[in-house]
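Asker: Pasted the sequence and its predicted model underneath.
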Amino acid sequence: MKQSDWDVIIVGAGPTGGRTATHLASLGHRVLMLEEHTEIGRPFQCAGLVTPKALHEVGLYDSVLEEIDGARIHGPSGTLVPVGTDGKLRTYVVCRKKFDQGVVQQAMESGASLWLNSQPRSADITPEKVTLNIESNGEELTLNCKLLIGCDGAHSWTRRYFKMGRPKEMMIGFQVEVLGYKGKDRWLEMYSGSEVAPGFFAWVIPSGFGSHRIGIWSTPEHLKGRSVEQCYEDLIQHPLWKDRFDEIKEIARFCGPIPSGMVKKTVAERVMLLGDAAGMAKPTTGGGIGPGFKQIKGILQPLSKAIFDDELSETNLKKVTSKHFLSMKKDQDKARTLRNLLVSDASDKELDSHFENFARPDVLELINDIGDIEKPVPLGLALVRKVPAFRRLALKAGTRLLFR
């Protein structure tokens, strides 16, 4: 018979769910991960970039497919801005299946349990416990726990069932795995402009063994009736860059939402949201692994104490999370504001002007000195403060940031 009583049940066994389970199980809590799919790491809807900080935390270097030294960013009219230095590592590309499985394996080695092909159907919250009704391999079961944590992604059942709000932005991502792209080794490419990625960027990322991941992300507001698939076709046929794509052969296609912007309620009575379920993807890159790791790590000790003491009311969970989560939300809001000022709200003409300034040697030096994929806010603020051409944005940026 399957165990029915747990301290913590985590819905979703992706990187954030697995890392959360590792932390809590290591501290002596009885932890169960529920994963709706029959295997870990599939399907995935991610470019597969993992920062050195996040990879160092889990040590899963055997999942690395490529090391990336920088990004070659292209303006709408072709202006090239190379950010990075040959031979100086900036980030990693991982095999998401191997990475996710490694994170979940660490959780199990720490004492957590995993049930595959298992998903919640309903829940009842009382002051004493959470009663969760699930379907596991076709069998209906009733489980009890002190705390329910939703790490169940963009379409989070937990978030929807407990009416905890929606992410500020729900971006649309589309990605194709290809062979035959003509790019520079150890560098990813980014393309901008209303034709190929309205309001955001398209990307081409080396993914090992001669393959590349070509992706587009945008929002319905920016797409204005177009699809991300149409943007992809426009990218590979673009007059400026089509020669790079003329020999590509598709291996696979993926599509999915990217939730960015912390939800209104990250906690409720005996319930908490983490990672994509909470809307924690970065507004500048769409990455969610680093923020998910940071979100749980910053509250781990007080959360563990609250679980041991069984003090998991909404009021107590707010005390545990509010300071750390609010700090992350503010950083996220600032990053979105700066992204909008410099990219999303700019016309192609304005973007071209920005790129001409980005490409200046003194500005490139500033970008390479301050730039950090994990910390875009200091770079964005430095650009609007220190680069004369961007000073006209400084007042506008200051006003927006002041009232957030």
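Answerer: Everything's here; your move.
Asker: Do me a favour and get the end-to-end distance for stretch 173-187?
Answerer: Distance between the two ends of stretch 173-187: 21 Å, counting by CA to CA, to the nearest Å.
Asker: same check, this time on stretch 174-183
Answerer: In stretch 174-183, first residue to last residue: 20 Å (CA to CA).
Asker: Let the chain start at 847 from now.
Answerer: I'll keep to 847 as the first residue from here, and by that count the last item is stretch 1020-1029.
Asker: how about that stretch: buried residues?
Answerer: For stretch 1020-1029, burial by neighbour count (16 or more other CB atoms under 10 Å) applies to 1020-1024, 1027. (C-beta placed from N, C-alpha, C; glycine too.)
Asker: Okay, helices next: where are they in the stretch 897-1046 of the chain?
Answerer: Per DSSP state H, counting those that start in this stretch, the stretch 897-1046 of the chain carries helices over the ranges 898-904, 942-955, 1003-1007.
Asker: meant to ask about the stretch 1047-1196 of the chain, not that
Answerer: With DSSP H, counting those that start in this stretch as the criterion, the stretch 1047-1196 of the chain has helices spanning 1066-1069, 1074-1082, 1088-1091, 1135-1143, 1146-1155, 1160-1185, 1194-1204.
Asker: Could you look over these and pick the most buried one?
Answerer: Highest mean neighbour count among those (mean count of other CB atoms under 10 Å): helix 1135-1143, with a mean of 23.
Asker: Can you give the contact residues for that one?
Answerer: Applying CB atoms under 8 Å, 6 or more residues apart in numbering, the contact partners of helix 1135-1143 are 861-862, 865-866, 869, 896-897, 899-900, 903, 997, 1120-1122, 1124, 1126-1128, 1149, 1170-1171, 1174, 1178, 1220.
Asker: Buried only: go through these for me.
Answerer: 861-862, 865-866, 869, 896-897, 900, 903, 997, 1120-1122, 1124, 1126-1128, 1149, 1170-1171, 1174, 1178, 1220.
Asker: Assign residue 1209 to helix, strand or coil.
Answerer: helix (DSSP: H, G, I helix; E, B strand; the rest coil).
Asker: unless I'm mixing things up, it is touching residue 1233, no?
Answerer: Yes - using CB atoms under 8 Å, residue 1209 makes contact with residue 1233 at a distance of 5.6 Å.
Asker: Find the residues that touch each one of the two.
Answerer: When contacts are counted by CB under 8 Å, 6+ apart, residue 1209 and residue 1233 have residue 1203 as shared neighbours.
Asker: Number of residues surrounding residue 986?
Answerer: Residues lying near residue 986 (other CB atoms under 10 Å) number 9.
Asker: what pLDDT does it get?
Answerer: On pLDDT, residue 986 comes in at 96.
Asker: Apart from its neighbours in sequence, what residue is nearest it?
Answerer: In space, and not counting its chain neighbours, residue 986 is closest to residue 979: 6.9 Å by CB to CB, 6 or more residues apart in numbering.
Asker: Can you convert the helices of the stretch 897-1046 of the chain into a markdown table and add a column each for distance to residue 1190?
Answerer: Converted to a markdown table, those look like this (distance: least, CB to CB, whole Å):
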| stretch | distance to residue 1190 |
| --- | --- |
| helix 898-904 | 25 |
| helix 942-955 | 27 |
| helix 1003-1007 | 25 |
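Asker: Out of those, which is closest to residue 965?
Answerer: Nearest to residue 965, of all those, is helix 1003-1007, at 7.1 Å by CB to CB.
Asker: May I have that closest one as PDB, with CA atoms only?
Answerer: Provided in PDB are the C-alpha atoms of helix 1003-1007 (Å, rounded to 0.1, in the frame of the first residue of the first chain):
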ATOM      1  CA  TRP A1003      -3.400  23.000 -11.300                       C
ATOM      2  CA  THR A1004      -2.500  24.200  -7.800                       C
ATOM      3  CA  ARG A1005      -2.700  27.900  -8.800                       C
ATOM      4  CA  ARG A1006      -6.000  27.500 -10.600                       C
ATOM      5  CA  TYR A1007      -7.700  25.200  -8.100                       C
END
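Asker: Walk me through the domains of this protein.
Answerer: Following automatic domain parsing, one finds the domains of the chain at 851-892+942-1013+1109-1174, 912-940+1015-1105, 1180-1248.
Asker: Off-centre distance for the first one?
Answerer: If I follow you right, that is domain 851-892+942-1013+1109-1174. Centre-to-centre, domain 851-892+942-1013+1109-1174 and its host chain are 16 Å apart (CA atoms, centre = their mean, to the nearest Å).
Asker: ok, now the second one?
Answerer: Going by CA atoms, centre = their mean, the spacing between the C-alpha centre of domain 912-940+1015-1105 and its chain's C-alpha centre is 16 Å.
Asker: first vs last residue of that domain, how far apart are they?
Answerer: Using CA to CA, the gap from the first to the last residue of domain 912-940+1015-1105 comes to 26 Å.
Asker: Average pLDDT for it, rounded please.
Answerer: Here the average pLDDT along domain 912-940+1015-1105 is 94.
Asker: likewise the shortest one?
Answerer: pLDDT averaged over domain 1180-1248 equals 77, rounded to a whole number.
Asker: Identify the residue spatially nearest to residue 1095, adjacent ones excluded.
Answerer: residue 1025 (4.8 Å).
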